[in-house]
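Novice: Sequence and predicted structure are below.
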Amino acid sequence: MKKLLFRLILAGIVAGSAYGVWRLFRQMPERQIQVPTTRVRQGDVVIRTYARGELRPVRQATLVAPNLFGTVQITRLAPLGAFAKEKDLIVEFDDSEVRSRLEERELELQQIEEQIKKAQAELAIRNNQDQVDLLKARYSVRLAELEVRRAELKSAIDAKKDLLTLEEARRRLKQLESDIKSRLEQAEAEIAVLRERRNRALLEVRRERQRLMQVKLLAPISGLVAIRQSRPMGMYFPGMQLPDYREGDQVFPGTPVADVLDLSEMELVAKVNELDRANLQEGQEALVRLDAIPDKVFHARIKSLSGTASANVWAGDPTKRFDVVFAVDMKELLSGLGAKPEQIRMILETAERNRSKPVTAAGPSPAMMAAAFAQQGGSGPGGMPMLLGGPAGGPGMEQPAAGGQAAERPRRGSMMGGMMGGGQMSPEDMQKMRALLEKELGGRSMRDLSPEERQKVFEKIRSAMGGAAGGPGGAMSPEDQKKFRALLDKELGGRKLEELSPEERRQIMEKVRQAMGQPAGGRAPREGREGTRGERGGPGGLPGFPDLPAGFGLGASQQFSEKDLENAQLPPPPEANSQLEILLRPGLLADVEIIVEKIPNAIYVPVQAVFEKDGKPVVYVKRGNTFEPRVIKPLKRSESVMVIAEGVKPGEIVALSDPTARGTERKKEEKKGAKSGALPVGGGPGGGL
């Protein structure tokens, strides 16, 4: 009985405890799913694009190490950060080997010329001796003929002897004439061989002189000197410390050594994503805030846009972005930096002078130019490389000019100039040429044209651009060849081309070029290849003039004269130059704000409130304690704001996360949205694009 009572009491206690726990659980607030929400708003929306970029010069000239056919060692180098004027010495290389080879070539040339003189003297002596022998042989023949006429007075045997003597004399005369002719041809052939050896030696001497003129690299424009970093054996990996080039370093031919940056005209380069690129166009205004001057705002405009995206493989970010180039108002920028009106005037004058120099604009990246030409149906870098006859080189390749100088830039100037005959084109000419190209194509693609049609299109463009059909530097027409020959003979005045120095050739070529209607300082007519003749000219000669000696015209294409190279001096160091006070520095970082569009009285929600369901954009509108999906029609989209044309009304509450997703999935979406950098709820009008 006691056991039963004990068990009943124990069961009651357990039941009471269970009831108490149940009541306690019932009194706890029910767990509800928390979904972040926001209201649909209506008002003026300003679509902005924000970008991060850096300042860079519009023009820069890259000085590359020349091919000296030997050791290329730096002996003199301009100080880093110095302000160089035009024709200032930037880099000088060791010329001892070149001078030694030049002396050897000149000595060899003198020896060959002496051999030619000796051969000509021996030929003259031999000709005189042959003439004497020939005269004697003819006299013997004449004497034998007279003896034969006296046959009536002699016996038959003597008459027969006289006939045999006459035949023998005639055979000797004939043999002597044949021998003289053979010896003359042999001697002339030997002299011709010696002359060819002299021409070859003369070509080698001119090559060595040309290399000697390349040991000094002068500044083609006025600007800031930037020394390149030395990359041993061309290798580089992230984190590697690279020293700058110094005096005494050895470099490979074609290696960029220094840059001359024209800081009198700057531009801003930035990258934008795909959404931003769709809302940008050339000419749009932008506001720029430099990190160095955060309290001042400068105005700029979009100069060019990339048609293709590119990724930075070294940044670790696989996202591809589009390049955008902004033109900066230099007067406003210089005034904001505290430059005086006189200083601003000097800088703008420098920019105008540098703009007329044959230096390519830094311009957009090669990817931007490839996209621009690809829109015309081109293929590969530059859009239509097989159609352009200029020095296209390769992607990112410098084209060394005379003196070992090249302009480093994307290849737009060289490629477009190739169509016009190999020259460099200004941005205005490029825009004009692009418009003419679109007009001639008439909506067709370059792939649809045959080679003959492409050639006709380019001929029309050259004519419209004011150039000859052959283009500057191309093969001249017969009429131009006659005119060129007459002008050349007039300038030579009876002198021989072999007697002219490179400086005299350059002056004569400038005069002939001006008389031919070409601008001074332009490219010389295209030089032929070695060993080729005929229409391409002789060894190093000019097209249509096979008789011109090798190397003629080299002095005309030289950018700097011998006097300029001789008088070139290094620019003063930065601490000794007062002009550096008004110069900007490339690489300054800046924030760019572009107002794309202003939409008045627009209905908008945050971007994170829009989801995709069954391939359609939807928002989840709150109805009581539940959310219902509603299909919307987007009007404008940015990274933070979605402008809606129809589907929702102002004041309605929408979810910022998918209420139909599970808890773990919702947390992942919230974390993903937080990492994407979206604006918080309530970031209304003015949300950036």
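Specialist: Sure, I can see it.
Novice: Which positions within stretch 337-357 qualify as buried?
Specialist: The neighbour-count check on stretch 337-357 (16 or more other C-beta atoms under 10 Å) flags 337, 339, 343-344, 347, 350-351, 354-355, 357 as buried. Placement of C-beta: from N, CA and C, glycine included.
Novice: Name all residues that make contact with the residue nearest to Asp291 when sequence neighbours are not counted.
Specialist: Of all residues not flanking Asp291 in the chain, Leu589 sits nearest, at 4.7 Å (C-beta to C-beta, 6 or more residues apart in numbering). Each residue near Leu589 by C-beta atoms under 8 Å, 6 or more residues apart in numbering is listed here: 52-54, 290-291.
Novice: List only buried entries from those.
Specialist: Buried among the contacts of Leu589 (16+ other C-beta under 10 Å): 53, 290.
Novice: Which of the contacts of Leu589 fall in strands?
Specialist: 52-54, 290 (DSSP state E).
Novice: Skipping adjacent residues, who's closest to Lys328 in space?
Specialist: No Lys there; residue 328 is Val. Ala300 (4.9 Å).
Novice: Lys460 too?
Specialist: Glu440 (5.8 Å).
Novice: That neighbour: neighbour count?
Specialist: 17 (other C-beta atoms under 10 Å).
Novice: Can you check my assumption that it lies in a helix?
Specialist: Yes: according to DSSP: H, G, I helix; E, B strand; the rest coil, Glu440 belongs to a helix.
Novice: residue contacts, it?
Specialist: 457, 460-461.
Novice: on contacts alone, who are the packing partners of the one helix or strand Ala327 maps to?
Specialist: Element membership for Ala327 (DSSP states H and E) is strand 322-328. Judged by 3 or more C-beta pairs under 8 Å, 6 or more residues apart in numbering; DSSP states H and E, strand 322-328 is in contact with strand 41-64, strand 256-272, helix 274-277, strand 285-290, strand 298-305, helix 366-374.
Novice: which one of these lies closest to Arg485?
Specialist: strand 41-64 (35.5 Å; C-beta to C-beta).
Novice: what comes up buried for that closest one?
Specialist: For strand 41-64, the neighbour count (16+ other C-beta under 10 Å) marks 41-42, 45-49, 51, 53, 55-64 as buried.
Novice: leaving aside the residues next to it on the chain, what's closest to Gly647?
Specialist: Using C-beta to C-beta, 6+ apart, the nearest residue to Gly647 is Ile632, at 3.2 Å.
Novice: from what I can see that neighbour touches Val610, true?
Specialist: Yes: here Ile632 reaches Val610: they are 7.1 Å apart, a contact under C-beta atoms under 8 Å.
Novice: Touching both of the two, which residues are there?
Specialist: 617-619.
Novice: any idea whether Thr660 is helix, strand or coil?
Specialist: The three-state label given to Thr660 by three-state DSSP is coil.
Novice: Count the residues that sit near it.
Specialist: Number of residues near Thr660 (other C-beta under 10 Å) recorded here: 13.
Novice: Next, work out how far apart it and Gly624 are.
Specialist: 16 Å (C-beta to C-beta, to the nearest Å).
Novice: Arg209 too?
Specialist: 94 Å.
Novice: which of these two has more neighbours?
Specialist: Set Arg209 next to Gly624 and count neighbours by other C-beta under 10 Å: Arg209 wins out with 20 against 6.
Novice: and the more buried one, what helix or strand is that in?
Specialist: Going by DSSP H and E, Arg209 is part of helix 156-213.
Novice: continuing past that helix, what's the next helix or strand?
Specialist: Following helix 156-213 in sequence, per DSSP H and E, is strand 216-218.
Novice: List the buried residues for that following strand?
Specialist: Going by neighbour count (16+ other C-beta under 10 Å), the buried part of strand 216-218 is 216-218.
Novice: One more: stretch 295-310?
Specialist: So, applying 16+ other C-beta under 10 Å, buried residues of stretch 295-310: 298, 300, 302-307, 309-310.
Novice: In a markdown table: those residues, plus pLDDT and distance to Pro451.
Specialist: Listed next are the buried residues of stretch 295-310 as a markdown table, based on pLDDT from 0 to 100; distance: C-beta to C-beta, whole Å:
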| residue | pLDDT | distance to Pro451 |
| --- | --- | --- |
| Phe298 | 91 | 48 |
| Ala300 | 91 | 42 |
| Ile302 | 91 | 36 |
| Lys303 | 89 | 34 |
| Ser304 | 88 | 30 |
| Leu305 | 87 | 31 |
| Ser306 | 83 | 30 |
| Gly307 | 79 | 25 |
| Ala309 | 82 | 32 |
| Ser310 | 80 | 31 |
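Novice: Go through the residues you listed and name the one nearest Phe83.
Specialist: Phe298 (23.3 Å).
Novice: give the contact list for the spatially closest residue to Gly81 that is not a sequence neighbour.
Specialist: Excluding the flanking residues, the one nearest Gly81 by C-beta to C-beta, 6+ apart is Pro574, at 4.3 Å. By C-beta under 8 Å, 6+ apart, the residues touching Pro574 are 79-83, 580.
Novice: As JSON lines, those with neighbour count, secondary structure and distance to Ala655 would be great.
Specialist: Output for the contacts of Pro574, formatted as JSON lines (neighbours: other C-beta atoms under 10 Å; DSSP: H, G, I helix; E, B strand; the rest coil; distance: C-beta to C-beta, whole Å):
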{"residue": "Pro79", "neighbour count": "16", "secondary structure": "coil", "distance to Ala655": "64"}
{"residue": "Leu80", "neighbour count": "14", "secondary structure": "coil", "distance to Ala655": "59"}
{"residue": "Gly81", "neighbour count": "17", "secondary structure": "coil", "distance to Ala655": "58"}
{"residue": "Ala82", "neighbour count": "21", "secondary structure": "coil", "distance to Ala655": "62"}
{"residue": "Phe83", "neighbour count": "23", "secondary structure": "strand", "distance to Ala655": "61"}
{"residue": "Leu580", "neighbour count": "17", "secondary structure": "helix", "distance to Ala655": "59"}
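Novice: from those, which has minimum pLDDT?
Specialist: When these are compared on pLDDT, Leu580 comes out lowest, with 50.
Novice: which parts of stretch 597-605 are buried?
Specialist: Buried residues in stretch 597-605 (16+ other C-beta under 10 Å): 599, 602-605.
Novice: Show me the helices in the stretch 451-600 of the chain, by range?
Specialist: 451-464, 478-492, 502-515, 554-557, 562-567 (DSSP state H, counting those that start in this stretch).
Novice: Good, wrapping up.
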